[in-house]
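In: pasting the structure only:
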């Protein structure tokens with residue numbers, strides 16, 4: 001008997017959530033009675049909905065209105081009732097079209113920025129992509145290019161495809177042969193190390209080097225914290241604030257200002273994703289589970305992708321009232337596409 005009662009309650013929660021996600025309007029007991037398929041009387045449905053309201057799963061905006069799901073109901077729906085969904089063909093085509101040019105460029109930062117924009121355009125929410133950790137990235141090569149006179153650009157490439165560039169100025173013009181010799185030396189001595197290891201050991205690894213230009217080597221070792229450093233927000237690609245602000249959930253000026261503030265704090269967005277994106281499949285946080293905790297509540301649907309031994313994250317940020325099965329499928333697909341990009 002208790003099992004039957006729990007099944008009824010689950011079916012009502014599922015029906016209310018699905019209907020509210022579809023219409024954004026409070027759901028009446030008559031609507032639930034018609035759609036839930038339980039074969040119960042309207043009076044029984046009303047009584048069960050009243051109990052769910054008492055238990056914190058539903059809320060009634062005013063006396064004559066139907067009920068709306070609470071954050072508690074969304075959490076329960078996501079954990080126990082949400083159906084799985086494949087990526088819709090139209091969504092798939094849109095994402096592929098939006099990122100295909102970036103894939104051809106073979107530029108990791110450009111590709112990830114395009115994925116963030118694609119997520120936003122397809123979902124009408126904020127799209128977020130976090131680059132693989134630069135700290136844990138494995139060094140591939142270093143190049144030094146003369147920009148004219150005593151100005152040079154240093155290009156640090158990781159095996160994951162991530163690239164960092166920094167401009168330097170030295171006291172004299174260095175012969176091209178010596179510049180190339182210095183780059184080869186650094187590539188050979190630092191090969192296979194993580195960026196974090198390089199910063200800690202670069203002086204010892206270059207000690208006694210009999211080749212390369214001493215001035216260039218001195219500049220690079222002196223500025224190694226900058227050259228082999230990676231600002232927290234550099235690898236955070238965020239797109240679509242205007243799309244999210246267009247949602248009626250955030251019509252108030254106060255909500256808009258809070259969202260704009262969140263959008264600017266890319267380091268906090270990166271930290272939130274690292275704490276919530278699961279290593280496998282899709283993670284969903286709603287309301288208090290979302291690090292910024294605001295009213296109306298936000299949702300964060302995220303997934304991790306792999307890049308060799310490191311990982312990054314993709315996500316969408318939206319209101320609590322979003323179609324979680326569809327978003328889960330889209331985010332899962334985007335994460336798989338990022339993994340394929342870095343493994344190709």
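Out: Now that the structure is in, tell me what you want to look at. These numbers come from a predicted model, not from an experiment.
In: Mind listing what's buried along the longest helix belonging to the chain?
Out: Ranked by number of residues, the top helix in the chain under DSSP state H is helix 2-23. Within helix 2-23, the residues that qualify as buried are 8-9, 11-21, counting by 16 or more other C-beta atoms under 10 Å. To be clear about C-beta, it is placed using only N, CA and C from the backbone, and glycine gets the same treatment.
In: for it, packing partners?
Out: Packed against helix 2-23 by the contact rule (3 or more C-beta pairs under 8 Å, 6 or more residues apart in numbering; DSSP states H and E) you find helix 29-35, helix 42-54, strand 68-69, helix 71-76.
In: so which of these comes closest to residue 60?
Out: Nearest to residue 60, of all the helices and strands packed on helix 2-23, is helix 42-54, at 6.2 Å by C-beta to C-beta.
In: now for the closest one, which elements pack on it?
Out: helix 2-23, helix 29-35, strand 58-59.
In: how about the helices in the protein?
Out: Here the chain has its helices, by DSSP H, at 2-23, 29-35, 42-54, 71-76, 89-105, 108-123, 176-190, 195-206, 214-222, 224-227, 241-245, 253-264, 266-276, 324-343.
In: Adding distance to residue 157, write those out as TSV.
Out: TSV is the format used below for these (distance: least, C-beta to C-beta, whole Å):
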stretch	distance to residue 157
helix 2-23	44
helix 29-35	56
helix 42-54	56
helix 71-76	43
helix 89-105	15
helix 108-123	10
helix 176-190	9
helix 195-206	11
helix 214-222	15
helix 224-227	12
helix 241-245	32
helix 253-264	30
helix 266-276	22
helix 324-343	13
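In: among the ones you listed, which is the most enclosed?
Out: helix 108-123 (a mean of 23; mean count of other C-beta atoms under 10 Å).
In: just to revisit the earlier point, which of the helices of the chain sits closest to residue 129?
Out: helix 108-123 (4.3 Å).
In: from the middle of its chain, how far away would the closest one be?
Out: 10 Å (C-alpha atoms, centre = their mean, to the nearest Å).
In: Please verify my assumption that residue 71 contacts residue 284.
Out: No - with contacts counted by C-beta atoms under 8 Å, residue 71 stays clear of residue 284, the gap being 11.7 Å.
In: For the most far-flung residue of the chain relative to its centre, give its distance to residue 222.
Out: Most distant from the centre of the chain: residue 210, at 45.5 Å, with distances by C-alpha atoms, centre = their mean. Going from residue 210 to residue 222 by C-beta to C-beta, to the nearest Å gives 20 Å.
In: follow-up on the earlier one: how far away is the residue farthest from the centre of the chain from residue 188?
Out: 13 Å.
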